[in-house]
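> sequence below, structure please.
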Amino acid sequence: MTCHVPLRGGRFALPLALAAVLLAGCTGAADEPGTTERRDASSSAAPGTVDGTDAEPSAEPAKTPDPDPARLPKTRAAALDLIDRVIADPDSFGPGVVKRSPYESGPDTWPVLGEDCVWQQRKPGHSVLATLTRSFEVPAEAGKGPVRLGAVVTVHRTRGDAAWEMAESIEETMRCPTQQLREGELIGSMVADALSEVGEYRSSELGGPHHYAWQQAQTLQFTVAVTGKGAKGRTGDEIDNLVVQAQAAMLVRLESAVEKQS
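Next up is the predicted model:
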């Protein structure tokens, strides 16, 4: 598996074997958690055909875990169980991170980026077995505003469905370099490199521009994503490190949940 990790404004590919190093080495909206959040992909993506053959994007890294087929979810219930074991909790980000309220999204909500570049809530597409978003925060302190964080895990029916989500995530950034998350909250100057994005976050509540970071990874039929929104007094490195740490934690949990047992 390959993670795409933004640090100090740059991005590079990181083998999953180094995820444990990240866990040790990384320090540890009006904003409505659990509603419209930058998701990990879109429900409208679906495999197409070229000259009568299936066309799949090459978004998935070449190296993936060696899964046990019996441990791969095939039902909604099994997918929800896996998500519960994989998705980030406050400790995944490091010290000082707490749950926001509401903490989790509804089970049948799926953010979709409209043609007007505004995120809206829809029902998940057929390709999605289950998806869950959690919201977190680093509380405000003297001279520093609150950091808003989000984590998403999605389980698809097939690996191809997950790969198409990854491809559409890149297309969305090219189509909408400025996006409205909800009323009074914008992200802009978005630059995508593989499956990481950095940009500027503006909020009617928190002002701005502040640093914004998002990254997404895919393996097998799963996608995982983390979002970080900065605030006054918060550095870009601080936001990036929070995102990296939680993403690495989820990838390690995911590999452990599906790999063959020795």
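> surely His211 meets Glu200?
Yes. The pair His211 / Glu200 is scored as a contact, 7.4 Å apart, by Cβ atoms under 8 Å. C-beta here means a position set from N, CA and C on the backbone, and glycine is covered the same way.
> looking at these two, which has the bigger crowd around it?
His211 (22 against 16; other Cβ atoms under 10 Å).
> enumerate every residue touching the more buried one.
For His211, the contact set (Cβ atoms under 8 Å, 6 or more residues apart in numbering) comprises 198, 200-201, 228, 230, 234-236, 239-240.
> just those: which are in strands?
Judged by DSSP state E, these include 198, 200-201, 228 as members of strands.
> hang on, the earlier thing: which of the contacts of His211 tops the neighbour count?
Per-residue neighbour counts (other Cβ under 10 Å) across those peak at Gly228, which has 30 neighbours.
> distance check, it against Gly236.
Gly228 is 10 Å from Gly236, where distance means Cβ to Cβ, to the nearest Å.
> Leu129 too?
Distance, Leu129 to Gly236, using Cβ to Cβ: 35 Å.
> ok, now Ala78?
Distance from Ala78 to Gly236, counting by Cβ to Cβ: 39 Å.
> now Arg159
Arg159 is 33 Å from Gly236, by Cβ to Cβ.
> quick one, longest strand in the protein?
As assigned by DSSP E, the longest strand anywhere in the chain is strand 207-219.
> for the record, mean pLDDT for that strand?
Per-region confidence: strand 207-219 scores 91 on mean pLDDT.
> what lines up beside that strand in the sheet?
Using DSSP bridges, the strands paired with strand 207-219 in its sheet are strand 196-203 (antiparallel), strand 222-229 (antiparallel).
> so which of the ones you listed is the most surrounded?
Counting by mean count of other Cβ atoms under 10 Å, strand 222-229 has the highest mean neighbour count of those, with a mean of 28.
> any chance of the contacts of His211 in JSON lines, with pLDDT too?
Listed next are those as JSON lines, based on pLDDT from 0 to 100:
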{"residue": "Val198", "pLDDT": "87"}
{"residue": "Glu200", "pLDDT": "89"}
{"residue": "Tyr201", "pLDDT": "87"}
{"residue": "Gly228", "pLDDT": "97"}
{"residue": "Gly230", "pLDDT": "96"}
{"residue": "Arg234", "pLDDT": "96"}
{"residue": "Thr235", "pLDDT": "96"}
{"residue": "Gly236", "pLDDT": "96"}
{"residue": "Ile239", "pLDDT": "97"}
{"residue": "Asp240", "pLDDT": "96"}
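> wait, Val153 sits on Thr131?
Yes. Applying Cβ under 8 Å as the test, Val153 and Thr131 come out as touching, 7.0 Å apart.
> which stretches in this protein count as helices?
With DSSP state H, the ranges of helices along the chain come out as 19-25, 76-86, 90-93, 159-175, 236-258.
> and for the third one, what's in contact with it?
Just to be clear, that refers to helix 90-93. Helix 90-93 is touched from outside by 28, 97-99, 136, 138, 149, 151, 242, 245-246, 249-250, with contacts defined as Cβ under 8 Å, 6+ apart.
> name only those of those that count as buried.
Among these, the ones that count as buried by 16 or more other Cβ atoms under 10 Å are 28, 97, 136, 138, 149, 151, 242, 245-246, 249-250.
> which of the ones in strands among the contacts of His211 lies closest to Gly125?
Closest approach between the ones in strands among the contacts of His211 and Gly125, by Cβ to Cβ: Gly228, at 26.4 Å.
> the closest one: what's it in contact with?
When contacts are counted by Cβ under 8 Å, 6+ apart, Gly228 is found next to 147-149, 211-214, 239-240, 242-243.
> any idea how far it lies from Arg159?
Relative to Arg159, Gly228 is positioned 28 Å away (criterion: Cβ to Cβ).
> who does the nearest residue to Gly114 once chain neighbours are set aside form a beta bridge with?
Once flanking residues are discounted, Gly114 sits nearest to Gln120: 5.5 Å by Cβ to Cβ, 6 or more residues apart in numbering. Gln120 has these beta-bridge partners by DSSP bridges: Val112.
> how close does Lys229 sit to Ile87?
For Lys229, the distance to Ile87 - Cβ to Cβ - is 19 Å.
> many thanks, we can stop here.
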